[in-house]
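Undergrad: Turn this into a model:
(one chain, ligands or ions: 1)
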Amino acid sequence: MISITEEAPVVSGSSDVARRMARIADEISGPAADEVDQQGRFPSETISALRAEGLLSALVPRSLGGMGASYSDLSQGLVSMGRQCASSAMVVAMHHIQVASLVRHGRNDLLRNYMVELVDRQYLLASATTEVGTGGDVGSSVCAVDVADGTFRLEKQAPVISYGRFADGILATARRSADSPENDQVLALCRPLELELEQVGEWNALGFRGTCSPGFILRASGDAAAILDDPYGDVSTQTMLPVAHILWSSLWLGIASAAIDRARRFVQAEARKRPGMTPAAALRLADATALYQQFADLLRCSVARFEDIQDDPDRLSALGFAIAMNSLKVSSSTLVVDVVRQSMVICGLASYRMDTPYSLGRHLRDSIGASLMVNNDRIMGNNAQMLLVHRGE
Ligand SMILES: Cc1cc2nc3c(=O)[nH]c(=O)nc-3n(C[C@H](O)[C@H](O)[C@H](O)COP(=O)(O)OP(=O)(O)OC[C@H]3O[C@@H](n4cnc5c(N)ncnc54)[C@H](O)[C@@H]3O)c2cc1C
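TA: Sure thing, here's the model as predicted:
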């Protein structure tokens, strides 16, 4: 017999933030997950619950009123949430990626005060990095901020802004000025009173349906100090990219964890039907469990790697670190599909049907989005270029 554990292993240890997120995931996100998916509706109950507990500002330092949570805390919380409702977890992950960028690259008074306000009012932040004309190449912009008399103006054709309609603020990339090259970008905080979103099309997607991610024409203006202090290239390399890849991978691990749990329960139920016989699918379960373990350990190591150097801009900007974080994204977005697919083969028809305790249709659909959220081929293309000049660790 293979060794059967009660719970699929996830990132080890558990903090208060992770425990509270896990409770919200189990009690609130999970029961609403199928409805959120079927109706393609915003997971408002999860966001309200996180808001009520002040968890939307978990990453904001204590000096600004937040919880000062670590990335490993948040990663664990997102594994739990991804296990229950990947759409909810994706919204929460995307929000925290924006908060991390603000916390680490917004040093002026306006942005510091905004973070205090974010803690107080539990704002939800969204992101507009993708643009019509550049596709998934988020390191280039067509649009530009127009700064005059201490005020910025911006118009951006954004093909996807997840939960744009429900956000309290949007961080948008743009060229620094109309004369700047496409890769000389800034990140601007766009706030509601000076932000207009004209929706273009609908979001009727295969997976992550609850992220509610249609296109928009974004028109914003505001105090020029709402443009983050560091160039977007630094924000991206040192924070947005590693944090996104860690937090996305966390919720994808959650999807894989839900799938492997179902597969394990299925095999155990088969084993109970014929005592003394090892079910045929047990070997495949052992195989899938090994894949899952690889995934969990990869994430754990990657979070530790980032946390070790998180305050060292030089090491964060090193090619080796960028290659590692890109590799994390590509590997975990591949592993999630592999684990879900293997789990479906184990559970058979029971996973293919939409109405059994072993259903995995939603998990499969959500898992496929992982490799497209900044296309894996594009990420591998970036790694290929860096490897031409990288000298090794
Ligand atoms: C669920 C979900 C939510 C999202 N939410 C947001 C959001 O809130 N805000 C936001 O800004 N964006 C969001 N996105 C967009 C996402 O981050 C990507 O930018 C977007 O999915 C890329 O779109 P694309 O596949 O059409 O474009 P591309 O990345 O351009 O890919 C199209 C095709 O071109 C190929 N390709 C193009 N260039 C290259 C290259 N240089 N190397 C290799 N292959 C290349 C790709 O392999 C692919 O086949 C979201 C995406 C998803 C799936």
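Undergrad: can you pull the buried residues of the helix or strand hosting Gln157?
TA: For Gln157, the element it lies in under DSSP states H and E is strand 151-158. Across strand 151-158, burial judged by 16 or more other C-beta atoms under 10 Å covers Phe152, Arg153, Leu154, Glu155, Lys156, Gln157, Ala158. C-beta coordinates here come from the backbone N, C-alpha and C atoms, glycine included.
Undergrad: Quick check: closest non-adjacent residue to the closest residue to the ligand within the stretch 201-350 of the chain.
TA: Relative to the ligand, the nearest point of the stretch 201-350 of the chain is Phe208 (3.8 Å; C-beta to the nearest ligand atom). Excluding the flanking residues, the one nearest Phe208 by C-beta to C-beta, 6 or more residues apart in numbering is Gly369, at 4.9 Å.
Undergrad: Can you verify my assumption that the residue of the stretch 201-350 of the chain closest to the ligand contacts Val91?
TA: No: the pair Phe208 and Val91 does not pass the contact test of C-beta atoms under 8 Å, sitting 9.0 Å apart.
Undergrad: Are there residues contacting both of these two? Which ones?
TA: In terms of C-beta atoms under 8 Å, 6 or more residues apart in numbering, Phe208 and Val91 are both contacted by the residues Ser162.
Undergrad: which of the two has more neighbours?
TA: Ranked by neighbour count (other C-beta atoms under 10 Å), Phe208 and Val91 place Val91 first, with 31 against 26.
Undergrad: Where does the prediction get shaky in the stretch 201-350 of the chain?
TA: Applying pLDDT under 70 to the stretch 201-350 of the chain flags no residue at all.
Undergrad: Just the helices from it, written as ranges.
TA: Remark: helices assigned in the stretch 201-350 of the chain by DSSP state H, counting those that start in this stretch are 232-235, 241-273, 281-309, 313-316, 319-347, 349-352.
Undergrad: need those helices in TSV with mean neighbour count, can you?
TA: TSV is the format used below for the helices of the stretch 201-350 of the chain (neighbours: other C-beta atoms under 10 Å):
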stretch	mean neighbour count
helix 232-235	21
helix 241-273	24
helix 281-309	18
helix 313-316	14
helix 319-347	22
helix 349-352	16
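Undergrad: Just put those helices in TSV and tack on distance to the ligand.
TA: Listed next are the helices of the stretch 201-350 of the chain as TSV, based on distance: least, C-beta to the nearest ligand atom, whole Å:
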stretch	distance to the ligand
helix 232-235	13
helix 241-273	9
helix 281-309	19
helix 313-316	21
helix 319-347	11
helix 349-352	22
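Undergrad: With distance to Met81 added, can I get those in a markdown table?
TA: Converted to a markdown table, those look like this (distance: least, C-beta to C-beta, whole Å):
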| stretch | distance to Met81 |
| --- | --- |
| helix 232-235 | 25 |
| helix 241-273 | 6 |
| helix 281-309 | 14 |
| helix 313-316 | 26 |
| helix 319-347 | 15 |
| helix 349-352 | 21 |
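Undergrad: For Ala49, which of these is the nearest?
TA: Closest to Ala49 of these is helix 241-273 (C-beta to C-beta; 16.6 Å).
Undergrad: Quick one: list the elements packing against the closest one.
TA: helix 71-84, helix 86-105, helix 281-309, helix 319-347, helix 349-352, helix 361-369 (3 or more C-beta pairs under 8 Å, 6 or more residues apart in numbering; DSSP states H and E).
Undergrad: that older thread, tell me the one among the buried residues of strand 151-158 nearest to Ser72.
TA: Distances from Ser72 to the buried residues of strand 151-158, taken by C-beta to C-beta, are shortest for Ala158, at 31.6 Å.
Undergrad: per-residue confidence at that closest one?
TA: Ala158 carries a pLDDT value of 97.
Undergrad: what comes up buried for stretch 218-228?
TA: Neighbour-count burial for stretch 218-228 flags Leu218, Ala220, Ser221, Gly222, Ala224, Ala225, Ala226, Ile227, Leu228 (criterion: 16+ other C-beta under 10 Å).
Undergrad: Give me the distance between the residue nearest to Phe208 and the ligand.
TA: 4 Å (C-beta to the nearest ligand atom, to the nearest Å).
Undergrad: For burial, what's the neighbour tally of Ser15?
TA: So Ser15, with other C-beta under 10 Å, has 17 neighbours.
Undergrad: Surely it touches Ser75?
TA: No: using C-beta under 8 Å as the test, Ser15 is too far from Ser75 to be in contact (10.3 Å).
Undergrad: if we can go back for a sec, pick out the most distant pair among the buried residues of stretch 218-228.
TA: The largest distance within the buried residues of stretch 218-228, taken as C-beta to C-beta, falls between Leu218 and Ala225 and amounts to 19.2 Å.
Undergrad: Spell out which parts of this structure neighbour the ligand.
TA: By C-beta under 6 Å from any ligand atom, the part of the chain that sits against the ligand consists of 94, 126-130, 135-136, 160-162, 208, 211, 213, 369, 372-375, 377-378, 381.
Undergrad: what residue of this structure is the furthest out?
TA: For the chain, the residue at maximal distance from the C-alpha centroid (C-alpha atoms, centre = their mean) is Gly276, at 43.5 Å.
Undergrad: Quickly list what the closest residue to Ala226 other than its chain neighbours is bridged to.
TA: Nearest residue to Ala226 in three dimensions, chain neighbours excluded: Leu189, at 4.4 Å (C-beta to C-beta, 6+ apart). Beta-bridge partners recorded for Leu189 (DSSP bridges): Leu171.
Undergrad: For the residue positioned nearest the centre of the chain, which non-adjacent residue is closest in space?
TA: Against the mean C-alpha coordinate of the chain, by C-alpha atoms, centre = their mean, the closest residue is Trp248 at 3.3 Å. Nearest non-adjacent residue to Trp248, counting by C-beta to C-beta, 6+ apart: Ala93, 5.9 Å away.
Undergrad: Quick one: residues contacting the residue nearest to Phe208.
TA: Ala205, Leu206, Gly207, Phe208.
Undergrad: for the stretch 1-150 of the chain, which spans come out with low pLDDT?
TA: 1-14.
Undergrad: Tell me which stretches of the stretch 101-250 of the chain form strands.
TA: Here the stretch 101-250 of the chain has its strands, by DSSP state E, counting those that start in this stretch, at 125-128, 146-148, 151-158, 169-175, 185-190, 195-200, 215-223.
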